[in-house]
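Peer 1: how would this look folded up:
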Amino acid sequence: MTPAEPDIALRYVDTIEELDALEPLWNALQAHHSQITPVLGDDTPKRDAGDAWRMRRRKYERWLRDPATFFVVAEVGGEPAGYAFVTVGPGYASWATGERIAELETLSVLPDRRSGGIGAALVDSAWSRLAQLGVEEMAITTTKTNVDAQRFYERQGFEQGFVVFYGRSPNAQ
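Peer 2: Predicted structure coming up:
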């Protein structure tokens with residue numbers, strides 16, 4: 001475990017113009033996912049980094065059309081070291097949650113910066129912004145093989161509430 005990062009600077013962003021700065025951070029997360037979950041299902045291999053970023057960036061652009069969507073960038077020594085991307089949508093219909101609930105769509109910290117407090121600082125910053133928006137709940141999805149992330153989120157006060165299944169049509173080629 002590395003010591004806590006000395007000077008983490010956090011900044012909120014809600015514009016498409018700054019998305020390109022996220023690409024190396026997304027690629028680090030993609031590499032991590034590829035290592036711990038090389039296939040999603042029998043016939044669903046990982047994407048290459050360029051294709052993965054193109055698709056994710058397109059989602060980010062779409063999500064940023066909503067004024068409640070934002071991302072937080074963590075910088076160490078003036079260089080991006082991690083980010084959290086958060087969307088806000090309607091609360092759950094089946095449970096007495098708030099009218100709106102956040103989704104932590106992405107949390108990425110560069111491998112050499114993990115375990116230094118950046119992830120926790122990003123989650124804390126997301127909660128601060130959500131409080132300004134009047135949102136008190138947040139959901140997170142992670143792969144079942146990402147046990148380090150699961151332990152991290154539990155330390156942040158989250159608990160498992162759903163199991164997500166993935167499948168392909170029997171007619172898919």
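Peer 1: give me every residue that touches A121.
Peer 2: With contact taken as C-beta atoms under 8 Å, 6 or more residues apart in numbering, A121 is in contact with 8, 10, 74. C-beta here means a position set from N, CA and C on the backbone, and glycine is covered the same way.
Peer 1: show me the residues around I140 that make contact.
Peer 2: Neighbours of I140 in contact, by C-beta under 8 Å, 6+ apart: 103-104, 107, 153, 158.
Peer 1: Mind listing the residues bridging to it?
Peer 2: With DSSP bridges as the criterion, I140 is bridged to L104.
Peer 1: Against N27, how distant is G157?
Peer 2: G157 sits 29 Å away from N27, going by C-beta to C-beta, to the nearest Å.
Peer 1: Which single one of the contacts of I140 is nearest to Y166?
Peer 2: In terms of C-beta to C-beta, no member of the contacts of I140 lies closer to Y166 than E103, at 17.5 Å.
Peer 1: My guess is the closest one contacts V135. True?
Peer 2: No. Using C-beta atoms under 8 Å, E103 is not in contact with V135, being 10.4 Å away.
Peer 1: Tell me which of these two has more neighbours.
Peer 2: Using other C-beta atoms under 10 Å, the more surrounded residue of E103 and V135 is V135, with 21 against 17.
Peer 1: hang on, that one in a strand?
Peer 2: No. Assessed with DSSP: H, G, I helix; E, B strand; the rest coil, V135 is coil; it does not lie in a strand.
Peer 1: picking that back up, switch the contacts of I140 over to JSON lines; also include pLDDT and distance to Y60.
Peer 2: As requested, the contacts of I140 are arranged in JSON lines below (pLDDT from 0 to 100; distance: C-beta to C-beta, whole Å):
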{"residue": "E103", "pLDDT": "95", "distance to Y60": "13"}
{"residue": "L104", "pLDDT": "96", "distance to Y60": "13"}
{"residue": "L107", "pLDDT": "96", "distance to Y60": "14"}
{"residue": "Y153", "pLDDT": "93", "distance to Y60": "21"}
{"residue": "F158", "pLDDT": "93", "distance to Y60": "23"}
